[in-house]
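J.: Got a predicted structure plus its sequence, pasted below:
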Amino acid sequence: MPYQHTILGKVYRFDSLQILLAKASPFRTGDALAGLSAETYEERVAAQITLADVPLKTFLNEAVIPYEEDEVTRLIIDNHDAVGFDLISHLTVGQLRDWLLKDETDTVILKSIENAVTPEMAAAVSKIMRNQDLIAVAKKCEVITRFRNTIGLKGHFSTRLQPNHPTDDPRGIAASLIEGLLYGSGDAVIGINPATDSPAAVAKILTLIDTLRQQFDIPTQSCVLSHITTTLELINKNAPVDLCFQSVAGTEKANTSFGININLLEEAYEATLSLNRGTVGNNVMYFETGQGSALSANAHHGVDQQTCEARAYAVAKKFKPLLVNSVVGFIGPEYLYDGKQIIRAALEDHFCAKLLGLPMGVDICYTNHAEADQDDMDNLLTLLGVAGCSFIMGIPGSDDIMLNYQSTSFHDALYLRKVLGLKPAPEFEQWLIKQGIFDGQSNRSVSASEGLLKNMGSLWIK
Amino acid sequence: MDKMTKPQIEITDPLSFLKEFTAARIAIGSTGSSIPTKQLLEFKLAHAHARDAVYSVMDTEVLEDALAQFHRPVLQLHSRAENRAQYLQRPDLGRKPNEESLNRLADQITGDDIVIIIADGLSAIALNENVLTLLQLLIPKLLDANLKLGPLCLVQQGRVAIGDDIAHELHAKLSLVLIGERPGLSAADSIGAYLTYQPKPGLKDNSRNCISNIRPGGLDLSLAADKIFYLVQEAFRMKLSGIGLKDNEGLLERE
């Protein structure tokens, strides 16, 4: 069905919903690379004006990727909450924005529509929202998940401790890990990207973290971010798997390029759940996403990268994850060129995921060939803190020496906690206080943690 | 109000003893919650080096003169990406030779065993500084093995896959692309070597073998030359490259 709008006598026609969504997207290089962007500023706004008038019901009848061709579309349509949708079924995309921003639309009401809004509706409304709108609405959403601690409570904000090492050297990993803990990092997860995907190497790292966690009774969870098939193999060999990790994308074809599908995810989810290792909850999955992954796999079906990204959240949501994060700036400048595009994309990802009910964190990051630097990351970090982002990464000096990109440091998390008064997950905060790492006001106390340091050091270093 | 004392700035870190176990930026201390000035500026300098490397330009004239020692034609080529900004945004253009380059390639004698393609990639500095030494170590080995070496191609604004088109135009049996890798904060001068047997347009990365982090202080140039030479021989022996070509001598395994 064609959509159109006339501006000063010029008729803008958009032949399908997917074209309309793409043309309405704020500019980013990935959509231009795919040949999907609006040609002019005027065309973009024409598309946004047109999109604002599209009824939400249209999204249930016009799939951006056909139902028959794509299992992610089937997942979205088959799991749609028709009862919850009743509340907003009469609205257009533009009216949805107005409604989301109303004071009366509070946390409880937003929770009631998290299965009624489809990823495409979320993507659509985000395209006509300003950055402050994305922040304001996301802040109203609350998504709480649990494994050995509680993530996502209002006033709290967590970190993934990411002590990567280029050769998976256990002492190298341990050094960064100990430092991170002494900065109060790691309540979301202690999560390591392995340099190789060999099951033996992954098992070794898992055991290393698990030993440390048990010895010091740390109320957190660990994860080695290997491919899901490797994790499955390790579960079968009784390795200490807390969380099962996988990168997911918003189209079946892109997921195929990752070597996964929904059935495989289901199998891994059930296997991880069966280990029953959580103490306060059983959210056992950890997913990473990021705009541009579908295009990068040549699997975008002419759908813009932000809409593809939002569709990935439907995949993640099916498995009740403990954590989801966008690796927003990791993909490079051909998808997100500079600090402005990275910041916008991160706020969109965070908003869409929260609206859909996901525990969304962000890897606030950039590569050296992007037009971005640490100042851009400071801006994004602060914006996401205000928006109620569930967690960020904690990396020594913000320099990941394994993946060769820059993210957020242990210091960055402390900064955000201080300026916004945010606390770690409550169980983890209690542990930090008990160990003398933090005082009761979430201030870090270096000297008091020396005893702990001595014990930790003796684990592997000496 | 109490009289304020003069601030004394001395930053120490009780975790310094962990530094020997990793190159990660641990034990950098803190001032309040923030990174101390010295470490902040060290980071900025490392990022500045990486940024400068991305925007560095291949020293084509100096390289052309130096490459004369190998007694092969030197071709100056350019991708369809006109400048760095376009190169960064349009990887597709960096993978294709421009019209002028195609004409230049059409003039060449064809059918050699190997064509070596030197492309700026994301760090021209890496080539400017390291490629000549690498070739001085590698080319004699190739010639001693009676392999026929085609023209040496210098490519500006090039990505790895441009080697497929160039080698295909030259009817070469194997392409070796030496390209500047994306700079990290610890090194901005790494060369990546990509080897493709029977190169032709449209191949994917699984058709190639890659040796990365070639630089002094990374994978040493002489060891890199040995590894490349080994893979070249194996590619000709097995008549393939990519995932089917394994390094059975263990030469390519990560340390």
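T.: The structure has been received and is ready for your questions.

J.: Strands of chain A, start to end?
T.: Secondary structure of chain A (DSSP state E): strands at A:3-7, A:10-14, A:145-146, A:150-151, A:158-161, A:189-192, A:222-224, A:244-247, A:285-289, A:323-326, A:360-362, A:391-394, A:399-400, A:405-406.

J.: Run the angle between the first one and strand A:10-14 for me.
T.: I take that to be strand A:3-7. What separates the directions of strand A:3-7 and strand A:10-14 is an angle of 160 degrees, with axes from the mean of the first three to the mean of the last three C-alpha atoms, to 10 degrees.

J.: helices or strands up against the helix or strand of chain B with the lowest mean pLDDT?
T.: In chain B, the helix or strand scored least confidently by mean pLDDT, DSSP states H and E is strand B:208-214, which has a mean of 92. Here strand B:208-214 touches strand B:191-197, helix B:221-238, going by 3 or more C-beta pairs under 8 Å, 6 or more residues apart in numbering or on different chains; DSSP states H and E. Using the backbone N, CA and C atoms, a C-beta is placed for each residue, glycine as well.

J.: give me every residue that touches the closest residue to B:Ala106 other than its chain neighbours.
T.: Closest residue to B:Ala106 apart from its sequence neighbours, by C-beta to C-beta, 6 or more residues apart in numbering or on different chains: B:Glu169 at 6.9 Å. By C-beta atoms under 8 Å, 6 or more residues apart in numbering or on different chains, B:Glu169 lies in contact with B:Pro97, B:Leu102, B:Leu105, B:Ala106, B:Gln108, B:Thr110.

J.: so which of these comes closest to chain A?
T.: Lowest distance from chain A to these (C-beta to the nearest C-beta) belongs to B:Pro97, with 19.3 Å.

J.: looking at it, the closest one is touching B:Asp164, isn't it?
T.: No: contact criterion C-beta atoms under 8 Å: B:Pro97 and B:Asp164 do not qualify, at 10.2 Å.

J.: Show me which residues of chain B are close to chain A?
T.: Residues of chain B lying close to chain A (C-beta under 8 Å from any C-beta of the partner chain) are B:14-15, B:17-19, B:21-28, B:30, B:32-35, B:39, B:43-44, B:46-47, B:50-51, B:53-54, B:88-92, B:122, B:182-186, B:254-255.

J.: Helices - which of those residues land there?
T.: Within the residues of chain B next to chain A, residues falling in helices by DSSP state H are B:39, B:43-44, B:46-47, B:50-51, B:53-54, B:88-89, B:91-92.

J.: Got a quick ChimeraX command for the buried subset of these?
T.: Selection command for ChimeraX covering only the buried members of these, criterion 16 or more other C-beta atoms under 10 Å in any protein chain shown:
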select /B:39,43,46,47,50,51,53,54,88,89,91
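
J.: Pass me the low-pLDDT residue ranges in the stretch 1-150 of chain A, would you?
T.: For the stretch 1-150 of chain A, the stretches with pLDDT under 70 are A:1.

J.: In the stretch 351-462 of chain A, which residue sits nearest chain B?
T.: For the stretch 351-462 of chain A, C-beta to the nearest C-beta, closest residue to chain B: A:Gly397, 2.6 Å.

J.: Kindly export stretch A:305-321 (C-alpha atoms) in PDB.
T.: Only the C-alpha atoms of stretch A:305-321 are listed here, as PDB (Å, rounded to 0.1, in the frame of the first residue of the first chain):
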ATOM      1  CA  GLN A 305      19.100  -0.800  10.300                       C
ATOM      2  CA  GLN A 306      17.200   0.600  13.200                       C
ATOM      3  CA  THR A 307      14.100  -1.300  12.400                       C
ATOM      4  CA  CYS A 308      16.100  -4.500  12.000                       C
ATOM      5  CA  GLU A 309      17.700  -3.800  15.400                       C
ATOM      6  CA  ALA A 310      14.300  -3.500  17.100                       C
ATOM      7  CA  ARG A 311      13.200  -6.800  15.600                       C
ATOM      8  CA  ALA A 312      16.200  -8.500  17.200                       C
ATOM      9  CA  TYR A 313      14.600  -7.500  20.600                       C
ATOM     10  CA  ALA A 314      11.700  -9.800  19.800                       C
ATOM     11  CA  VAL A 315      14.200 -12.700  19.500                       C
ATOM     12  CA  ALA A 316      15.900 -11.700  22.800                       C
ATOM     13  CA  LYS A 317      12.600 -11.300  24.600                       C
ATOM     14  CA  LYS A 318      11.400 -14.800  24.000                       C
ATOM     15  CA  PHE A 319      14.100 -16.100  26.300                       C
ATOM     16  CA  LYS A 320      13.600 -13.800  29.300                       C
ATOM     17  CA  PRO A 321      17.200 -12.600  29.300                       C
END
